[in-house]
Each structure stands twice: as C-alpha cells, then as structure tokens.
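S.K.: Sequence and predicted structure below; questions after.
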Amino acid sequence: MLILIKNGPDTPEGKRGLQLALDMCADICLLQNAVYFAQKERLEGVCGKVYVLEEDKRLRGLNADEMEKDILPLDYDGLVDIMDSADKVAGIF
C-alpha cells in the first residue's frame, strides 16, 4: 500500500496520514508541505519505504543534510510509476 501525504507535520491531516502509514506498515510518498516529514527524526517507526517529491523538496529549500538517509527521491514520472505498481493507494492527507 502507498499513502500519499501532502500536509505538513504540524497539521492534523499530515499526522493522520503518517499514523495510517505506521498502522498499516505502508510506503509513504511525501508531497508539497509533507516533505518536512523527511527531516531527521520525524519518521521514527516507519517500516515501509519513504519517497519524497524532489521538486517539492527543492521549492521548500530542504537539502540532503537535513533529511533522513533512507528517503528515496522521486520525480513526477516516478510518482506515477509507484502509484501504478502499488496494490492500493490512499491519500491525500
């Protein structure tokens, strides 16, 4: 399962999306302000893969040394590919 999250860590919607991903051990794709979840120590306990949309990360001025190591970069074509290959897609929180 893939969970799409677009709201930041300080919003109820963002927290709900992350909790759903944690409960289901799902993969996560961080879009828009949700890229801030990729900062160090914000994704503890995630057992699935975590993707971050590179364009959104760049637009918000986040750089690699601020991010968790295991975050996988993604472009729009890659987003379409992982959504197509996932058995289920939920979002956007």
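M.R.: Great, that's in hand.
S.K.: ok, the most centrally placed residue in the chain to Leu2 distance?
M.R.: What sits nearest the mean C-alpha location of the chain, by Cα atoms, centre = their mean, is Leu30, with 2.5 Å. Look at Leu30 and Leu2: by Cβ to Cβ, to the nearest Å, they are 11 Å apart. (Each C-beta comes from the backbone N, C-alpha and C, glycine too.)
S.K.: returning to that earlier point: got a list of what the closest residue to the residue nearest to the centre of the chain other than its chain neighbours touches?
M.R.: Among residues not flanking Leu30 along the chain, Val52 sits closest, at 4.6 Å (Cβ to Cβ, 6 or more residues apart in numbering). With contact set as Cβ atoms under 8 Å, 6 or more residues apart in numbering, Val52 has these partners: 29-30, 35, 38, 67, 71-74.
S.K.: can you check Glu44 too?
M.R.: Contacts of Glu44 by Cβ under 8 Å, 6+ apart: none found.
S.K.: if I look at it, how far off is Asn63?
M.R.: Relative to Asn63, and taking Cβ to Cβ, Glu44 is found at 21 Å.
S.K.: ditto for Leu4
M.R.: 23 Å.
S.K.: what does stretch 72-90 rub up against?
M.R.: 1-4, 20, 26-27, 29, 31, 49-55, 57.
S.K.: got any ranges where this structure has weak pLDDT?
M.R.: Residue ranges of the chain with pLDDT under 70: none are present.
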